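Peer 1: Provided below are the primary sequence and the corresponding predicted coordinates.
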Amino acid sequence: MKSGWAMKAALVLALLGAGMGARTFDGEATGPPTKKAGKAKSDAEAILGDWEVASIEMEGKKQVGGAAARIMAKTWTFTAKSLVIHKGKEERESGSVLHPGRKPKAIDVVPRDGPPAEKGTRFEQVYALDGDTLKICAGLPGNTARPKEVATKPGSRTLLIVLRRLSPSSADKDKGKGKEP
């Protein structure tokens, strides 16, 4: 049986790894635009596409194996109206809202399915988007406060997921065949 912290971490990883679906953008100022190929993009534009989990950190410690390995086997796809997380043929949905004008930038995720305790609950997170790297920091279960920074430290009760943009051909392969843990 898992310890209390391990169970909580698995719950957060499952939530972040399963969260997915319709998303809206609240119209807040986007802050400094992201530069790519000479054209400035808002976060709402720059986040679009397919992403893979590059690393997971909890309370300042890198996580590997177990729940972390299952989350790393998933592909995240952001479109103008949705975030879909794929693992093989399985897809999970959640609503989400970017708040790029806040400091740090914020994202709210509301699962549309899953365990009753999570479904419809707003999870307040922060993010940093830099080219092909997206970092999302969330509180561990029981820590409902939005993190103050996009980082974890011992005792912070936070989880950091670092995503790396996939090339279009890699994303198509991952979605079609699926990755197994």
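Peer 2: It's in. Note that the structure is a prediction, hence the values are computed from the model and not measured. Residues are numbered from 1 along each chain as shown.

Peer 1: Sketch out the low-pLDDT regions of this protein for me.
Peer 2: For the chain, applying pLDDT under 70 flags the ranges 1-40, 81, 168-181.

Peer 1: can you give me the strands in it?
Peer 2: Listed in chain order, the strands found in the chain under DSSP state E are 21-25, 34-36, 39-41, 49-58, 61-62, 75-78, 82-87, 90-99, 106-111, 123-130, 133-139, 158-165.

Peer 1: wait, which of the ones you listed is closest to Arg146?
Peer 2: Distances from Arg146 to each of the strands of the chain were compared using Cβ to Cβ; the shortest belongs to strand 123-130, at 3.9 Å. Every residue, glycine included, has its C-beta placed from N, CA and C.

Peer 1: And that closest one, what does it pack against?
Peer 2: strand 106-111, strand 133-139 (3 or more Cβ pairs under 8 Å, 6 or more residues apart in numbering; DSSP states H and E).

Peer 1: partner residues bridging Phe78?
Peer 2: Gly49, Leu83 (DSSP bridges).

Peer 1: Over to Ala128?
Peer 2: On the basis of DSSP bridges, Ala128 is bridged to Lys135.

Peer 1: Pretty sure it sits against Pro104.
Peer 2: Yes: contact between Ala128 and Pro104 holds when scored by Cβ atoms under 8 Å: they sit 6.9 Å apart.

Peer 1: Mutual contacts of those two, please.
Peer 2: By the contact definition Cβ atoms under 8 Å, 6 or more residues apart in numbering, Ala128 and Pro104 are jointly contacted by Val150.

Peer 1: on that earlier part again, got the helices and strands packed on strand 123-130 as a markdown table, with mean neighbour count and distance to Arg70 columns?
Peer 2: Output for these, formatted as a markdown table (neighbours: other Cβ atoms under 10 Å; distance: least, Cβ to Cβ, whole Å):
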| stretch | mean neighbour count | distance to Arg70 |
| --- | --- | --- |
| strand 106-111 | 21 | 17 |
| strand 133-139 | 21 | 17 |
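
Peer 1: Take the strands of the chain and write them to a markdown table, including distance to Ala69.
Peer 2: Putting the strands of the chain into a markdown table (distance: least, Cβ to Cβ, whole Å) gives the following:
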| stretch | distance to Ala69 |
| --- | --- |
| strand 21-25 | 24 |
| strand 34-36 | 30 |
| strand 39-41 | 32 |
| strand 49-58 | 9 |
| strand 61-62 | 12 |
| strand 75-78 | 15 |
| strand 82-87 | 12 |
| strand 90-99 | 16 |
| strand 106-111 | 21 |
| strand 123-130 | 22 |
| strand 133-139 | 18 |
| strand 158-165 | 13 |
